[in-house]
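**Q** Everything below, folded, please.
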Amino acid sequence: MQTVDEIRKVAPALEKYAQGSVTDLWKRPGLSPRDRSIVTISALIARNQTTEMPYYMNLALANGVKPREISEIITHLAFYSGWANAISAVAVAKDAFTLRKIGANQLPPASPTPLPLDNDAEAKRSTGVRENFGSVAPGIVDYTTDVLFRDVWLRPDLAPRDRSLVTVSALIAAGQVAQITYHLNRAMDNGLTKEQAGEVVTHLAFYAGWPNAFSALPVVKDVFEKRAK
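**A** Numbering: from 1, shown residues only. All right, here's what the predicted structure looks like:
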């Protein structure tokens, strides 16, 4: 990460905003510093922006994100942002973990006892996906059910609410608007509040750009309105 002096030598106005608006952003009450760290590292992984990752990985640990949670965020985003992005994040996290002497006993097991499955909700989701896309790409339909929703989403070392927070953040950061409706509803079902969801978009305006945030806003607004009915 560039120092304040290094930024000032190239872009004094950028340094002004970094010291002002971005600093103030992290103090807004709508999201805890821990949640903001989760949102930020999710966005960086989704966009494969490794230059800033060391600083924000260490900040996340300082803000109370556990090593096992960072491990799970990286694993989760292999599926939502791509394998290569996750491997790039592993290289950064490895150095942060080494610096803090974080060992294997602080990381999640490869095959933990899964969380309980909501059979009715999963049956509805899987049936809908299979009916829509089973004749187009049966392989991805099978992986979506067997690997993603019956395995990855049930891993216990990242709470369902936080796993949803990671997913929504990554989708907004990557401009994947079409997927936001389902996952924002899932996030709110998992405990993310309307205020927190709004702050996620606000936070990501700085870390993923205004166009990605504003592209997400109509979808987020629609979810809020339909849930209020």
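**Q** Angles on the backbone of Ile38, please.
**A** As for Ile38, its main-chain torsions (degrees, to the nearest 10) stand at phi -60, psi -40.
**Q** Secondary structure element for the closest residue to it other than its chain neighbours, which one?
**A** Counting by CB to CB, 6 or more residues apart in numbering, Leu165 is the residue found nearest to Ile38 once chain neighbours are left out, at 5.7 Å. C-beta coordinates here come from the backbone N, C-alpha and C atoms, glycine included. Element membership for Leu165 (DSSP states H and E) is helix 160-173.
**Q** mind saving the C-alpha coords of the helix or strand just after that helix as PDB?
**A** Reading on from helix 160-173 to the C-terminus, the next helix or strand found by DSSP H and E is helix 180-189. In PDB, the C-alpha atoms belonging to helix 180-189 read as follows (Å, rounded to 0.1, in the frame of the first residue of the first chain):
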ATOM      1  CA  ILE A 180     -27.600  -9.500  -6.600                       C
ATOM      2  CA  THR A 181     -31.400 -10.000  -6.100                       C
ATOM      3  CA  TYR A 182     -31.200 -13.600  -5.000                       C
ATOM      4  CA  HIS A 183     -28.100 -13.100  -2.800                       C
ATOM      5  CA  LEU A 184     -29.300  -9.900  -1.100                       C
ATOM      6  CA  ASN A 185     -32.600 -11.600  -0.200                       C
ATOM      7  CA  ARG A 186     -30.600 -14.500   1.100                       C
ATOM      8  CA  ALA A 187     -28.300 -12.100   3.100                       C
ATOM      9  CA  MET A 188     -31.300 -10.400   4.700                       C
ATOM     10  CA  ASP A 189     -32.900 -13.700   5.500                       C
END
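**Q** so what's Lys229 scoring on pLDDT?
**A** With respect to pLDDT, Lys229 has a value of 88.
**Q** Which residues are in contact with the residue at minimal distance from the centre of the chain?
**A** Centroid-nearest residue in the chain: Val166, 2.1 Å away (criterion: CA atoms, centre = their mean). The contact partners of Val166, taken as CB atoms under 8 Å, 6 or more residues apart in numbering, are 38, 42, 73, 76-77, 80, 158.
**Q** repeat that for 7 Å
**A** 38, 42, 73, 76-77 (CB atoms under 7 Å, 6 or more residues apart in numbering).
**Q** Compare the residues you listed and tell me which is most surrounded.
**A** The most neighbours of any of the contacts of Val166, using other CB atoms under 10 Å, belong to Ser42, which has 31 neighbours.
**Q** could you check the distance from that residue over to Val92?
**A** 14 Å (CB to CB, to the nearest Å).
**Q** Have a look at the chain and report its longest helix.
**A** Using DSSP state H to define each element, the chain has its longest helix at helix 210-228.
**Q** What helices and strands are in contact with it?
**A** When contacts are defined as 3 or more CB pairs under 7 Å, 6 or more residues apart in numbering; DSSP states H and E, helix 210-228 packs onto helix 160-173, helix 180-189, helix 194-208.
**Q** Can you give the distance from the shortest one to the centre of its chain?
**A** Translated: helix 180-189. 13 Å (CA atoms, centre = their mean, to the nearest Å).
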